[in-house]
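Asker: Sharing a sequence plus its predicted fold:
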2 protein chains.
Amino acid sequence: MTLAPFETVHVPLPGRAYDILIGGGLLASAGERIAALAPGAACGVVTDTGVDAIHGPALRASLDAAGLRHETIVVPAGEASKSYDRLREVCDGILAARLERGDLVVALGGGVVGDLAGFAAAVVRRGMLFVQIPATLLAQVDSSVGGKTGINSAHGKNLVGAFHQPGLVLADVDVLDTLSPREFKAGYAEVVKYGLIDDPAFFAWLEAHHRGVFAGGPDRVHAIRTSCAAKAAVVVRDEREDGDRALLNLGHTFAHAFERITAYDGSRLVHGEAVAIGLACAFRFSARLGLADGQDAGRVEGHLRTVGLPTRIRDIPGWDAGGDAILAAMAQDKKVKRGALTFILARGIGRSFVAPGIDGQDVRAFLDAELALP
Amino acid sequence: MTLAPFETVHVPLPGRAYDILIGGGLLASAGERIAALAPGAACGVVTDTGVDAIHGPALRASLDAAGLRHETIVVPAGEASKSYDRLREVCDGILAARLERGDLVVALGGGVVGDLAGFAAAVVRRGMLFVQIPATLLAQVDSSVGGKTGINSAHGKNLVGAFHQPGLVLADVDVLDTLSPREFKAGYAEVVKYGLIDDPAFFAWLEAHHRGVFAGGPDRVHAIRTSCAAKAAVVVRDEREDGDRALLNLGHTFAHAFERITAYDGSRLVHGEAVAIGLACAFRFSARLGLADGQDAGRVEGHLRTVGLPTRIRDIPGWDAGGDAILAAMAQDKKVKRGALTFILARGIGRSFVAPGIDGQDVRAFLDAELALP
């Protein structure tokens, strides 16, 4: 097989180091690469109905060509699949396929499939090998990297899960051509986030090259590679989020509150859109607190709007919640401790930091000003 | 509080070292010790209906005295609680109690409660602190040590779980006074196992001191301490059972088959009884294969019978399965690979070893001989 060129981000976790490959045509090489990782292993492919229809056949053909036995376990598309019931289904499906501890679980899909399949891989036979083939931009730059897996509980999102690192991540950029423009844009918000956290040069590069990222080709590969490398560096420093892994939550305290209030209704707001508004809010809030320059906040908002992302609470269709409701939704977030709120704020583009002990009154006043924006 | 003397087995796993305390009166000191381990932490106590009635009040009084907030989550007694549904109940119970990542899950009970609560502790918020207060002899010498946690699937026992080490194990030997004689005896089979694996002097000590172990006092503490130290040493060498942790399965390939055939019906056969018969079988099989001396097999059987444990398949009430059924049940065991069976066999008392590639025909002939015993 002729293999297309690709870039590699190596994640050097002690004892569990792995590679993230980023490039075109990687899906077709999956069988060969998995066989190299675990010779003769059987594969339990976990995917969702939508992704399976588009990409399932190519993955299975590749596994067949490499002589690997495989079974596919399909779950419904959507966040509702991150449930106890689906976890049981996937675990029992892996066991019914007679997969042993040395065999693999392969996640083919977006963040939901990756989180669910990764958690199943963490617990079936107390831990199986795991390969991620992320099929959305969001999954390629965020959820497939770093080993966080899990499901939702009635008490909140991602509250039950495991840290379970993959043995390999194949980020096939061609797969992203099958995403809707809305889905691609949503993932792009997380790409922008990496620039805003600590890489102002990358943010400036995105301002100049976003058309190339959306069009595909080398610019897209560069944006994904840079994002994965940024996330991997944070994860290696702080795998279990005891410290600065929290920076990855830039924009997310706002975003989670918006998602909670819209009841995770993807027709109104998907995660990446919530993050885009959250990033803009984090910078405007930082400016209001006198930490960052208003010009930086304007630049952040300007770039997000240029690519067609929402940046204001009023951009959310049918929004009718007030400042109190938003503050209450934030207080449910796990990053809230004993009344004081922890935010990720910024002293400028690429200069974000963890800010504990933010006064609820200041947040409330900021939210009122936000809701008064057109 | 006056603390009674106790012995300590330190388990030096890198980064996750912990102590097993063995002695009388430890339950009453639980609050104080947990507060020392995690100052100010809240506790989710997981227990079963039977144990809660006897020991729950003492544990709660101790937690209250130490000023620790606590909530109790009670599951039905019995193996059926190692299920997906109970896992969900326990996880959601921990979350409903508003326990955070720095708080603790405390397992008060036998192996079922320890395995279930430990698994919940491993996955709620992707990992919480965990304290074991084992309430059966079996749990004190076996399941509470080593970090294996999990639930059963329709496809088999313990097939879904995690390696999650406790931060502290409190083995209160006085708690064992509330066990039925049958339950205590069953746990004693696992104590005998440690002598048979690699400690002939301990086996000889048990032959001489078993009355003291059953009566309580220093001999009981010594037997439990020696067992925990033996298991801890194996776990430190091979936490994830890639190698000689398998020795801990001495007698268990037989035992699991007997349990499967009796459908895990504890009124006919409990795990420790199955292990006793399995240990006797492992030695008689070793003798038949010319590996061990028939005298050693006789000594093993003799000691088990002296304390009132079963040693022969025909000792199982209502037994009616033939050699083929036993062999088939063994073949379902996860320690079976590609037709060849792996057994833990012995060259003598205290000289056990992993024997892969045992011929099914030899096993079949041995089982026929066993079934022909009176």
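Answerer: Received it, and whenever you're ready, just let me know what you need.

Asker: Alpha carbons of the longest helix along chain A, in PDB - could you do that?
Answerer: Counting by DSSP state H, the longest helix found in chain A is helix A:218-237. Taking Å, rounded to 0.1, in the frame of the first residue of the first chain, the C-alpha atoms of helix A:218-237 are listed here in PDB:
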ATOM      1  CA  PRO A 218      -1.500  21.500   4.300                       C
ATOM      2  CA  ASP A 219      -3.000  24.400   6.300                       C
ATOM      3  CA  ARG A 220      -5.600  22.100   7.800                       C
ATOM      4  CA  VAL A 221      -2.900  19.500   8.700                       C
ATOM      5  CA  HIS A 222      -0.800  22.300  10.300                       C
ATOM      6  CA  ALA A 223      -3.700  23.600  12.400                       C
ATOM      7  CA  ILE A 224      -4.600  20.100  13.600                       C
ATOM      8  CA  ARG A 225      -1.000  19.200  14.300                       C
ATOM      9  CA  THR A 226      -0.400  22.400  16.200                       C
ATOM     10  CA  SER A 227      -3.500  21.900  18.300                       C
ATOM     11  CA  CYS A 228      -2.700  18.300  19.100                       C
ATOM     12  CA  ALA A 229       0.800  19.200  20.000                       C
ATOM     13  CA  ALA A 230      -0.500  21.900  22.400                       C
ATOM     14  CA  LYS A 231      -2.900  19.600  24.100                       C
ATOM     15  CA  ALA A 232      -0.400  16.800  24.300                       C
ATOM     16  CA  ALA A 233       2.100  19.100  26.000                       C
ATOM     17  CA  VAL A 234      -0.400  20.100  28.600                       C
ATOM     18  CA  VAL A 235      -1.500  16.400  29.200                       C
ATOM     19  CA  VAL A 236       2.100  15.300  29.600                       C
ATOM     20  CA  ARG A 237       2.700  18.000  32.200                       C
END
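
Asker: now check the next helix or strand after it, is it near chain B?
Answerer: Moving toward the C-terminus from helix A:218-237, the next helix or strand (DSSP states H and E) is helix A:252-261. No. Figure legend: helix A:252-261 not in contact with chain B (Cβ under 8 Å from any Cβ of the partner chain); closest approach 15.4 Å. Any C-beta I mention is one placed from the backbone N, CA and C, and that applies to glycine too.

Asker: ok, how many other residues are close to residue A:360?
Answerer: Residues contacting residue A:360 under the criterion other Cβ atoms under 10 Å in any protein chain shown number 14.

Asker: got the contact list for residue A:313?
Answerer: Listed by Cβ atoms under 8 Å, 6 or more residues apart in numbering or on different chains, the contact set of residue A:313 reads A:258, A:277, A:281, A:319, A:326, A:367, A:370-371, A:373.

Asker: and if you look at residue A:48?
Answerer: Residue A:48 sits next to A:74-78, A:81, A:109-110, A:112-113 when contact means Cβ under 8 Å, 6+ apart.

Asker: of all of the stretch 101-250 of chain A, which residue lies closest to chain B?
Answerer: residue A:155 (3.9 Å; Cβ to the nearest Cβ).

Asker: wait, isn't that residue in contact with residue B:95?
Answerer: Yes. Counting by Cβ atoms under 8 Å, residue A:155 does reach residue B:95; the two are 3.9 Å apart.

Asker: The two: which is more packed in?
Answerer: Counted by other Cβ under 10 Å, residue A:155 and residue B:95 do not tie: residue B:95 has more neighbours, with 20 against 15.

Asker: Torsion angles phi and psi at the more buried one?
Answerer: phi -70, psi -40 (degrees, to the nearest 10).

Asker: show me the residues around it that make contact.
Answerer: A:153, A:155-156, A:159, B:124.

Asker: Mind doing that once more with 7 Å?
Answerer: A:153, A:155, A:159, B:124 (Cβ atoms under 7 Å, 6 or more residues apart in numbering or on different chains).

Asker: Pop out the phi and psi values for the closest residue in space to the third one that isn't next to it in sequence.
Answerer: This means residue A:159. Nearest residue to residue A:159, sequence neighbours excluded (Cβ to Cβ, 6 or more residues apart in numbering or on different chains): residue A:153, at 4.5 Å. Backbone torsions for residue A:153, taken as degrees, to the nearest 10, come to phi -120, psi 170.
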